[in-house]
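> Fold the following for me, if possible:
(4 chains)
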There are 2 protein chains.
Amino acid sequence: MIDRGHLQLRLTVDLAILTVRDSRLHILVIERANQPYRGQDALPGGFLRPGEGLRDAAERELAEETSLDGKVLHLEQLATYGAPDRDPRGRVVSVAYLAIAPDLPVPAAGSDARSARWAPADDIRGALAFDHSQILDDAVERARASLELTTLATAFCGHEFTIGDLRHVYEVVWSVPLDPRNFSRKVANTEGFVQPTGTKRLPETGRPAALYRRGPAHTLNPPLLRNATAS
Amino acid sequence: MIDRGHLQLRLTVDLAILTVRDSRLHILVIERANQPYRGQDALPGGFLRPGEGLRDAAERELAEETSLDGKVLHLEQLATYGAPDRDPRGRVVSVAYLAIAPDLPVPAAGSDARSARWAPADDIRGALAFDHSQILDDAVERARASLELTTLATAFCGHEFTIGDLRHVYEVVWSVPLDPRNFSRKVANTEGFVQPTGTKRLPETGRPAALYRRGPAHTLNPPLLRNATAS
DNA sequence: ACAAAAGTGTTCAATTTACACCCATGG
DNA sequence: CCATGGGTGTAAATTGAACACTTTTGT
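Below is the predicted model of the structure:
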């Protein structure tokens, strides 16, 4: 029963790891060390192993190919890509995961990683190996949409952040300016979005801002909608 | 390079086909003719073939296992399920697709289909083979969420439908009553949601309702939100 | 005339937006 | 005391919810 001649294939798990750096949305890319697409940038990823679940594989790649396993605050399945000719090595289907990391003081070139680096998402669009540019586009769109309906934005911040930090994430990912005053209130009035820590952070200049942690809520009720006049 | 000993596996494409019948959300299930889970209900699906894309496979299954290939008005990838032990026959990863069909006058037991039938989603929850109950839950939640943000609801209606038909889809999928008068206006004021055909349909009793076709828009702007008091 | 479903107008409340204004800190 | 970012108050505009009422058909 097990070998009825159906198509056997290999499966990779690829990671679209997003962060906000220098007021731009960045994605983690690695330079490919082997053929195909040698020397070109690609998303980190690797083959699924026996006995391993999909999410397990994503977490393993996060640890192996980047040094981000402890830092990533969000990991969700994005989509699966299976065009017959997407990989010149043969039939390879890829399950892509979307990961969100806070802005890291040190670029993420990690232990094992050949040469991991953060690339601005806008700059690298269309320049990735395989169909990874498509995955990047889908990841960015998913992140944009999720900011409206979920507390995903907190994953872009560290464990502690100010309302200004959180607003900055929205502004960068959506590429729109937001009113700081109205944004504060909206966040504060959304049950479970953030929790005050009681501490404050001093900016280089200006009044200290209260620090918050992510709250227990996952979905935003009411949602925080992008300006409807666009689109 | 092609046989470096990575895990080889088989991939199925499974379909969660939803429709609204008798004021309840239904899903198409088939009774399994073979082991494992012989005699139990499962989602239609099958193995990916060489040279075939994922969506191609979904469309093929739609034609082979159901007789719905021309009737389904929406098909999108849902998620991928790959727990190591999800299929007793060996390592099988499943890419699930969500399909939406209008209410069909004839139950969809089709040509090839062993015994396809519509089952109320609520009744069949938890009773499906493999991890298909999980897929069903995810499909229903995706459909519910998509009604808010996209024109998905039109796919539940035929090519021509009344505003009342459309409202009925929302009411059944969300399990909430909606005000017919406010709903009409909201739909009419949402650019590209529906287009009037100029014709009318006579109900058994009452004033004839104008017929509409789905409009060009895919995303709803502004969104049509479920009552926020729930959740 | 009546029942039933479609659709319009109107009112009141809730939310969003814009922006004046005050607060707390470093230089 | 000034610059800078954090945060509150408030009035106007917009949107949403509720519902009285009119329209159009079959019986």
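> Doesn't residue A:181 lie inside a helix?
Yes: the assignment for residue A:181 is a helix, going by DSSP: H, G, I helix; E, B strand; the rest coil.
> distance of it from residue B:227?
From residue A:181 across to residue B:227, the span is 28 Å (Cβ to Cβ, to the nearest Å). No exception for glycine: its C-beta is placed from N, CA and C like everyone else's.
> Now do residue A:199: how many residues are near it, please.
10 (other Cβ atoms under 10 Å in any protein chain shown).
> just the one 10 residues further on next, same as before
If you count neighbours by other Cβ under 10 Å, residue A:209 ends up with 16.
> For it, give me its contacts.
If you count contacts by Cβ atoms under 8 Å, 6 or more residues apart in numbering or on different chains, residue A:209 has them with A:162-164, A:200-201, A:203.
> before we move on, what about residue A:185?
Applying Cβ under 8 Å, 6+ apart to residue A:185 gives no contacts.
> Phi and psi next, for it.
Backbone torsions for residue A:185, taken as degrees, to the nearest 10, come to phi -60, psi -40.
> before we move on, the earlier item: out of the contacts of residue A:209, which is nearest to chain B?
Of all those, chain B sits closest to residue A:163, with 22.0 Å by Cβ to the nearest Cβ.
> quick one: that closest one from DNA strand D, how far?
Residue A:163 sits 4 Å away from DNA strand D, going by Cβ to the nearest atom of the strand, to the nearest Å.
> Go ahead and confirm that residue touches residue A:187.
Yes: counting by Cβ atoms under 8 Å, residue A:163 does reach residue A:187; the two are 5.9 Å apart.
> what is in contact with the two at once?
Common contact partners of residue A:163 and residue A:187 (Cβ under 8 Å, 6+ apart): residue A:194.
> For the residue nearest to residue A:135 when sequence neighbours are not counted, list the residues it contacts.
Of all residues not flanking residue A:135 in the chain, residue A:96 sits nearest, at 4.7 Å (Cβ to Cβ, 6 or more residues apart in numbering or on different chains). Each residue near residue A:96 by Cβ under 8 Å, 6+ apart is listed here: A:13-16, A:43, A:77-81, A:135, A:138-139.
> how about the helix or strand where residue A:10 lies, does it reach chain B?
In this assignment (DSSP states H and E), residue A:10 forms part of strand A:10-21. Yes: for a cut-off given as Cβ under 8 Å from any Cβ of the partner chain, strand A:10-21 has contacts with chain B, namely A:10-11.
> and the following helix or strand past that strand, which strands flank it?
Downstream of strand A:10-21, the first helix or strand assigned by DSSP H and E is strand A:24-31. When pairing is defined by DSSP bridges, strand A:24-31 lines up against strand A:10-21 (antiparallel), strand A:41-42 (antiparallel), strand A:117-120 (antiparallel).
> Nearest to residue A:101, out of these?
Comparison of the strands paired with strand A:24-31 against residue A:101 by Cβ to Cβ identifies strand A:10-21 as nearest, at 4.5 Å.
> got the buried residues for that closest one?
A:10-21 (16 or more other Cβ atoms under 10 Å in any protein chain shown).
> Convert the C-alpha atoms of it to PDB, please.
In PDB, the C-alpha atoms belonging to strand A:10-21 read as follows (Å, rounded to 0.1, in the frame of the first residue of the first chain):
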ATOM      1  CA  ARG A  10      11.100  16.600  -1.400                       C
ATOM      2  CA  LEU A  11       9.800  19.400   0.800                       C
ATOM      3  CA  THR A  12      11.600  22.400   2.000                       C
ATOM      4  CA  VAL A  13      10.500  24.900   4.600                       C
ATOM      5  CA  ASP A  14      11.500  28.400   3.800                       C
ATOM      6  CA  LEU A  15      11.500  31.400   6.100                       C
ATOM      7  CA  ALA A  16      10.400  35.000   5.400                       C
ATOM      8  CA  ILE A  17      11.800  36.800   8.400                       C
ATOM      9  CA  LEU A  18      10.700  40.400   8.600                       C
ATOM     10  CA  THR A  19      11.900  43.200  10.800                       C
ATOM     11  CA  VAL A  20      11.900  47.000  10.900                       C
ATOM     12  CA  ARG A  21      15.400  48.600  10.700                       C
END
